[in-house]
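Asker: Turn this into a structure:
(chains A and B)
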Number of protein chains: 2
Amino acid sequence: MKKIKLVVAYDGTDFSGFQRQPGKRTIQGTLEETLSKITGEEIEIYGSGRTDAGVHALGQVCHFTTKSPIPITKYPYILRRALPRDIICISSEEVPMDFHARKSAYWKTYRYYIETTPVPDLFTRRFRTHLPFPLDVDAMQKAGKLLVGTHDFTSFCSTKTVVEDRVRTIYRCQVCQEANGVYIEVTGNGFLYNMVRIIAGTLYEVGRHERNVQEIPQILAAKDRTLAGPTFPPEGLILFEVGYTPWKESASNYLSM
Amino acid sequence: MKKIKLVVAYDGTDFSGFQRQPGKRTIQGTLEETLSKITGEEIEIYGSGRTDAGVHALGQVCHFTTKSPIPITKYPYILRRALPRDIICISSEEVPMDFHARKSAYWKTYRYYIETTPVPDLFTRRFRTHLPFPLDVDAMQKAGKLLVGTHDFTSFCSTKTVVEDRVRTIYRCQVCQEANGVYIEVTGNGFLYNMVRIIAGTLYEVGRHERNVQEIPQILAAKDRTLAGPTFPPEGLILFEVGYTPWKESASNYLSM
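Answerer: Presented below is the predicted three-dimensional model:
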């Protein structure tokens, strides 16, 4: 018996989210079906976390166990031929039996992309929220910095959130200007339901001068979802990277991007 | 009565090509249906040419006539809200009544994108042909230059081609190295059925050293489709720009790209 860790990327547009659901096209369901065919075993996939319908990933991490003699390094190649084109297996490696894609993760990085050009870009439209209005990136950056630290994020999660403990640590929150818009990059030790999409909606309102930077600590302190901004749509959100060593700046593979 | 010229971009992946066909999702059909709803008239669209199923466009040009009082500059905005997300109207302008999207065109530019990285890129996979092998771009460039000029392109069009006159002029054929692969850019006064996809397949074989650069003049001279390379898949092909003034380098809007 071996435990295998896969890094997968997907275009979430045509999936009903990560989690397996009967009769729906999901990432987990598609991976399980494909790996079961390849190995001849009934494979169960564990992800680092669920992504919602329409949310994408560049660095989602999954694990599964198998007795298959397939050499571990061959999985990306075999999966590339067997999976539909909107899921890509980036890498595979054997991990100790006590590794768990979700429980062993120390941090995750998400990016939320907002495109501000007058005309949406044809090539990136599936991965961007298009809002053709100017943004004050400096103000957004300042507001983002106020989210860094250990806080109760009740104001920044869906009212449908069931977990009791809403204290999470944000290690890093950057707002970056690009040629066609901005992206918000958030790294934290865990994220509540819709948390990044609500952070994006709130920082967006700061960028539009509909809110002041100084409101952020008040919103956090109030623990009241109605005080934060709207839940932004899923298409702009990408699960970028999952880390399995404690966070420090050098822990990310992507800092140079 | 006014004549309106539209520049449209589309992701051809989920369309059965440009030309209207009963019961199929096509660019022409979608534009006609949407414009008919907007204007309350029965709108007929004329394109600069058909693109095949799966082929994309960044600068397809269409025209239509209408009595609608809608200000001409409003069309991109109105269409952006009314069209599905995989067709984008980039610009609109009133043109003289003798303008014709196809007949008035002097030249067209296509790009064919080949991605050569080991792992396909999630964001661009709909717009690239993925072939993870190294290419000799210099050799491809030399072979491309031998296509420039006025030739009978019988060897470079589908055997299903019905037009008798297969003489076309290629003004420019460039092969450009990008971070993730190469693209072939071809500008000509007209293109036969599958011509750019066969040029791409032939230059690809040159890039793989499966063919010599010197074969190109022989293939052209033989007027025999079997001598050229394979018809490459539609997903790598983009109709980039259509020109309505005689070709010269400065006639293109995109030379700086």
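Asker: Give me the three-state assignment for the closest residue to A:Glu42 other than its chain neighbours.
Answerer: Distances taken as CB to CB, 6 or more residues apart in numbering or on different chains place A:Ser36 nearest to A:Glu42, at 5.6 Å, with adjacent residues excluded. Just so you know, the C-beta spots here come from the backbone N, C-alpha and C atoms, and that holds for glycine as well. At A:Ser36, secondary structure determined by DSSP: H, G, I helix; E, B strand; the rest coil is helix.
Asker: Which residues of chain A lie near chain B?
Answerer: A:9-11, A:56, A:58, A:76, A:80, A:85-86, A:88, A:90, A:119-120, A:122-125, A:127 (CB under 8 Å from any CB of the partner chain).
Asker: Mind checking which of those are buried?
Answerer: A:9-11, A:56, A:58, A:76, A:80, A:86, A:88, A:90, A:119-120, A:122-123, A:125, A:127 (16 or more other CB atoms under 10 Å in any protein chain shown).
Asker: Sitting in helices, which of the residues you listed do you find?
Answerer: Among these, the members falling in helices (DSSP state H) are A:76, A:80.
Asker: Let me know the closest of the buried ones among the residues of chain A next to chain B to B:Thr169.
Answerer: Closest approach to B:Thr169 among these (CB to CB): A:Leu122, at 28.7 Å.
Asker: Would you mind confirming that the residue nearest to A:Glu42 makes contact with A:Glu44?
Answerer: No - A:Ser36 is beyond contact range of A:Glu44, at 9.1 Å (criterion: CB atoms under 8 Å).
Asker: Can you show me the helices along the stretch 51-200 of chain A?
Answerer: Along the stretch 51-200 of chain A, counting by DSSP state H, counting those that start in this stretch, helices occupy A:75-82, A:137-145, A:195-207.
Asker: What is the most widely separated pair among the buried ones among the residues of chain A next to chain B?
Answerer: A:Pro76 and A:Val119, at 36.1 Å, using CB to CB across these.
Asker: quick one, what contacts the residue of the stretch 51-200 of chain A found nearest chain B?
Answerer: Closest contact between the stretch 51-200 of chain A and chain B, by CB to the nearest CB, is at A:Leu122 (4.5 Å). Counting by CB atoms under 8 Å, 6 or more residues apart in numbering or on different chains, A:Leu122 touches B:9-11, B:56, B:58, B:86, B:88.
Asker: repeat that with 6 Å
Answerer: B:9, B:11, B:88 (CB atoms under 6 Å, 6 or more residues apart in numbering or on different chains).
Asker: ok, and which of the residues you listed reach chain A?
Answerer: Among the contacts of A:Leu122, the residues within reach of chain A (CB under 6 Å from any CB of the partner chain) are B:9, B:11, B:88.
Asker: So the last one sits against B:Ala9, correct?
Answerer: Read it as B:Ile88. Yes - taking CB atoms under 6 Å as the definition, B:Ile88 is a contact partner of B:Ala9 at 4.6 Å.
Asker: residue contacts, A:Ile238?
Answerer: A:56, A:58, A:111.
Asker: In strands only, show me the residues you listed.
Answerer: A:56, A:58, A:111 (DSSP state E).
Asker: tell me which residues form a beta bridge with the last one?
Answerer: Same thing as A:Arg111. Under DSSP bridges, the beta-bridge partners of A:Arg111 are A:Glu185, A:Ile238.
Asker: Just to check, it is in contact with A:Gly181?
Answerer: No - with contact defined as CB under 6 Å, A:Arg111 does not count as touching A:Gly181 (11.8 Å).
Asker: if I look at A:Thr231, how far off is B:Thr65?
Answerer: In this view, A:Thr231 and B:Thr65 are 44 Å apart by CB to CB, to the nearest Å.
Asker: cool, A:Ser158 as well?
Answerer: In terms of CB to CB, A:Ser158 sits 50 Å off from B:Thr65.
Asker: With A:Lys37 instead?
Answerer: 54 Å.
Asker: Those two: which is more packed in?
Answerer: B:Thr65 (14 against 11; other CB atoms under 10 Å in any protein chain shown).
Asker: Need the pLDDT of the nearest residue to that one once chain neighbours are set aside.
Answerer: Spatial nearest neighbour of B:Thr65, chain neighbours left out: B:Lys3 (5.1 Å); criterion: CB to CB, 6+ apart. B:Lys3 is assigned 97 on the pLDDT scale.
Asker: Could you pull up the residues touching B:Lys3?
Answerer: B:63, B:65, B:95, B:97, B:99.
Asker: contacting residues around the fourth one?
Answerer: Residues touching B:Met97, when contacts are defined by CB under 6 Å, 6+ apart, comprise B:Lys3.
Asker: what's the neighbour count on A:Lys74?
Answerer: Counted with other CB under 10 Å, A:Lys74 comes out at 11.
Asker: bridging residues for the closest residue to A:Pro120 other than its chain neighbours?
Answerer: The spatially closest residue to A:Pro120, leaving aside those adjacent along the chain, is A:His130, at 4.3 Å (CB to CB, 6+ apart). Judged by DSSP bridges, the bridge partners of A:His130 are A:Glu115.
Asker: Pull up the gap between A:His130 and A:Ala9, please.
Answerer: 22 Å.
Asker: Check A:Ile87 too.
Answerer: 7 Å.
Asker: what's the answer for A:Thr39, then?
Answerer: For A:Thr39, the distance to A:Ala9 - CB to CB - is 21 Å.
Asker: repeat for A:Ile219
Answerer: Applying CB to CB to A:Ile219 and A:Ala9 gives a distance of 33 Å.
Asker: ditto for A:Glu93
Answerer: Taken as CB to CB, the span from A:Glu93 to A:Ala9 is 16 Å.
Asker: ditto for A:Trp107
Answerer: In terms of CB to CB, A:Trp107 sits 19 Å off from A:Ala9.
Asker: Ok, A:Gln19 next?
Answerer: Going from A:Gln19 to A:Ala9 by CB to CB gives 18 Å.
Asker: And the strands in the stretch 101-250 of chain A?
Answerer: Counting by DSSP state E, counting those that start in this stretch, the stretch 101-250 of chain A has strands at residues A:107-115, A:129-130, A:149-152, A:167-178, A:181-188, A:237-243.
Asker: Switch those over to a markdown table; also include distance to A:Ala200 and mean pLDDT.
Answerer: What follows is the strands of the stretch 101-250 of chain A, written out as a markdown table (distance: least, CB to CB, whole Å; pLDDT from 0 to 100):
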| stretch | distance to A:Ala200 | mean pLDDT |
| --- | --- | --- |
| strand A:107-115 | 4 | 97 |
| strand A:129-130 | 8 | 95 |
| strand A:149-152 | 17 | 97 |
| strand A:167-178 | 10 | 96 |
| strand A:181-188 | 6 | 97 |
| strand A:237-243 | 7 | 97 |
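Asker: of those strands, which approaches A:Ile27 most closely?
Answerer: Closest among the strands of the stretch 101-250 of chain A, once you apply CB to CB, is strand A:237-243, at 10.6 Å.
Asker: just the angle between the closest one and strand A:181-188, please?
Answerer: Calculated by axes from the mean of the first three to the mean of the last three CA atoms, to 10 degrees, strand A:237-243 forms an angle of 40 degrees with strand A:181-188.
Asker: List the buried residues for strand A:237-243?
Answerer: A:237-243.
Asker: Identify the residues contacting A:Val213.
Answerer: A:139, A:142-143.
Asker: Let me have these in CSV, adding neighbour count and pLDDT as columns.
Answerer: Below are those laid out as CSV (neighbours: other CB atoms under 10 Å in any protein chain shown; pLDDT from 0 to 100):
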residue, neighbour count, pLDDT
A:Ala139, 18, 98
A:Lys142, 17, 97
A:Ala143, 27, 98
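Asker: Thank you, goodbye.
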